[in-house]
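> Generate a structure from the sequence data that follows.
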Amino acid sequence: MLNKILYALPEISLLIGIIHLLFLHLLSNETPKVYTKTARIWLLISLFFSILFYNKSFNPTYFENTSYTLLFKCLIAFFSYIMLILSSSWFSVENKTGCRYLILVLSSIIISNLLLSTINIVILMLGYTLLSYINYRLLDISYDKYPSEVGPRYIGTSSIIIILMFLGFSYIFFYNNVMDYLEIKQLIASSHNNFLLYISIVLMVIPFLYSLGLAPFHLLAEDKVGKSILPVSHYFALITPFIFWAVIIKLNVMFISSYNDILSSAFKVIAIMSVIFGATGANARINLHRIYAYGSMYHFGIIILLLSYFNIASNFNAFMYLLLYMLALNGIYAVFYNLKSHGDFFSSLTSLSGISQTKPYTTRAMLISIFSLIALPPFAGFLAEFGMINELLKEKSYTYLALVLFFFLVLAKSYLEIIKTAYFEQKIKKFDTENKSTLFITLLSTILIVAISFNPFNIIEKIKDMFDVIYL
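Numbering: from 1, shown residues only. This next block holds a predicted model:
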């Protein structure tokens with residue numbers, strides 16, 4: 001019993017953090033800095049226990065912790081920690097405590113830990129449903145005079161997706177009486193031509209593709225980051241992708257690959273649609289959050305394209321592409337927290353006009369992040385692009401490579417438009433002085449974008465060793 005409690009300490013720590021935040025909210029009137037500091041402390045405690053018990057589970061029947069799960073838990077904790085620091089400055093400017101936001105974020109990390117570790121489709125189904133509800137509550141956070149329509153629209157669509165997921169789950173769980181990932185793999189091996197089983201697997205995968213905003217679900221992804229408050233937009237842009245991609249890659253290895261002869265083509269179609277809609281959509285938007293949302297769709301399309309080859313090398317290249325892209329996007333979001341004038345935060349492309357004249361440091365940081373996104377050496381994005389090109393050449397997918405590179409040029413045009421607006425147009429706004437914490441995070445993000453390309457301390461090899469455990 002004691003061992004089970006010890007191995008559950010990563011989740012218990014976050015739960016205590018939620019209770020702590022609730023008591024602060026009920027018994028005192030603290031500043032946003034106190035609330036976010038409390039959340040960050042419990043997040044670090046949880047991470048410490050995750051590292052300490054990285055290969056232990058409080059219930060080995062339903063959960064399995066490995067260095068693969070630890071890798072994603074560390075990444076989620078790292079980006080969440082940065083997000084919480086930056087959100088503190090936002091809530092301070094808006095004169096809000098941010099308590100509800102912090103509780104929901106910690107709750108989502110608890111669910112993400114369970115989703116990462118589970119080897120059981122019952123937990124997978126329940127975890128996805130709970131996380132969808134938490135995401136809905138996050139979207140429902142609005143300080144405008146009028147309620148946001150994004151939350152109700154999201155929960156309505158998500159409900160349909162969850163019903164479809166439940167149909168697939170029901171056939172596997174109730175009709176075939178299996179729930180373990182390996183049992184599902186064995187079931188597919190013995191009933192590979194079972195059409196209902198194939199459809200059930202597809203229905204289990206679709207919710208994760210939907211949550212990542214891949215085509216044809218891209219309009220809903222634009223909604224989430226384009227109309228929500230900045231800290232919530234940050235969460236949907238950086239945290240949820242790590243959660244859902246980690247689960248997809250794990251499912252890919254555990255049993256989806258058993259249908260690789262059929263699903264490979266479907267993944268490729270989704271990938272190319274995402275690449276096309278992502279690149280063209282980014283050029284048709286003037287809201288910065290939406291431009292990068294469509295940019296994410298392009299990059300996520302490449303990730304699912306790499307996963308469609310269902311081999312060890314392509315899976316790792318997909319993960320590295322995700323990681324390096326997220327580092328660059330994190331640098332962009334650090335800049336977003338500096339785009340304010342008289343306490344109002346801006347997100348339109350025109351608000352960047354002439355920003356290089358008044359915020360040269362912030363503009364240079366944004367420039368480095370954009371250079372990484374358009375894969376200029378020596379920035380991290382170049383490493384991701386090189387790995388992708390190398391993998392497609394190895395697979396002799398010349399047509400897909402040509403399409404990806406052509407629409408990469410289309411996407412790059414939208415990024416270059418941002419640079420042109422910042423450097424070559426007349427200043428129209430006077431921006432507030434940068435917050436010290438946002439300056440530090442901006443500097444940290446910039447250093448990481450540059451440093452990772454040089455592979456310090458052989459970090460890429462160490463990450464690969466942690467990642468490859470999923471195949472054992």
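> which residues of the stretch 201-350 of the chain fall in strands?
340-341, 344-345 (DSSP state E, counting those that start in this stretch).
> ok, and the closest non-adjacent residue to residue 308?
Leaving out its chain neighbours, the residue that sits closest to residue 308 by C-beta to C-beta, 6 or more residues apart in numbering is residue 267, at 3.5 Å. In this view, the C-beta of every residue, glycine as well, is placed from N, C-alpha and C.
> My error: substitute residue 205 in the last question.
Residue 205 sits nearest to residue 256 (C-beta to C-beta, 6+ apart), 6.4 Å away.
> And stretch 383-393, how far out from the chain middle?
Remark: stretch 383-393 is offset 21 Å from the chain centroid, using C-alpha atoms, centre = their mean, to the nearest Å.
> could I have that stretch exported to PDB, CA atoms only?
C-alpha atoms of stretch 383-393 as PDB (Å, rounded to 0.1, in the frame of the first residue of the first chain):
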ATOM      1  CA  LEU A 383      17.800  20.500 -37.700                       C
ATOM      2  CA  ALA A 384      14.100  19.500 -37.800                       C
ATOM      3  CA  GLU A 385      13.700  20.300 -41.500                       C
ATOM      4  CA  PHE A 386      16.900  18.500 -42.400                       C
ATOM      5  CA  GLY A 387      15.700  15.300 -40.500                       C
ATOM      6  CA  MET A 388      12.300  15.500 -42.300                       C
ATOM      7  CA  ILE A 389      13.900  15.900 -45.700                       C
ATOM      8  CA  ASN A 390      16.300  13.100 -45.000                       C
ATOM      9  CA  GLU A 391      13.500  10.700 -43.900                       C
ATOM     10  CA  LEU A 392      11.400  11.500 -47.000                       C
ATOM     11  CA  LEU A 393      14.400  10.900 -49.300                       C
END
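> before we move on, back to that, for residue 327, see how far away the residue nearest to residue 205 is.
Taking C-beta to C-beta, to the nearest Å as the measure, residue 256 and residue 327 are separated by 27 Å.
> now residue 132
27 Å.
> Please apply the same query to residue 431.
Taken as C-beta to C-beta, the span from residue 431 to residue 327 is 25 Å.
> between these two, which one's more packed in?
Per other C-beta atoms under 10 Å, whichever of residue 431 and residue 327 has more neighbours is residue 327, with 23 against 18.
> Double-check that one against residue 384; I have them as touching.
No: here residue 327 lies out of contact with residue 384, judged by C-beta atoms under 8 Å, at a distance of 9.2 Å.
> any chance of the strands of the stretch 201-350 of the chain in CSV, with mean pLDDT too?
Compiled in CSV, the strands of the stretch 201-350 of the chain are given as follows (pLDDT from 0 to 100):
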stretch, mean pLDDT
strand 340-341, 74
strand 344-345, 75
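> just these: most buried one?
Mean neighbours per residue, mean count of other C-beta atoms under 10 Å, is largest over the strands of the stretch 201-350 of the chain for strand 340-341, with a mean of 18.
> Starting from it, tell me which strands it pairs with and how they run.
strand 344-345 (antiparallel) (DSSP bridges).
> what's in contact with the strand it pairs with?
90, 93, 230, 336, 337, 339 (C-beta atoms under 8 Å, 6 or more residues apart in numbering).
> so what's the fourth one up against?
Contacts were defined as C-beta under 8 Å, 6+ apart; by that measure residue 336 touches 230, 234, 288, 289, 345, 347.
> gap between the two ends of stretch 448-459?
Across stretch 448-459, the terminal residues are separated by 12 Å (C-alpha to C-alpha, to the nearest Å).
> how about that stretch: buried residues?
448, 449, 452, 453 (16 or more other C-beta atoms under 10 Å).
> Please flag which of these sit within helices.
448, 449 (DSSP state H).
> With pLDDT as new columns, can the buried residues of stretch 448-459 be given to me in a markdown table?
Listed next are the buried residues of stretch 448-459 as a markdown table, based on pLDDT from 0 to 100:
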| residue | pLDDT |
| --- | --- |
| 448 | 84 |
| 449 | 84 |
| 452 | 83 |
| 453 | 78 |
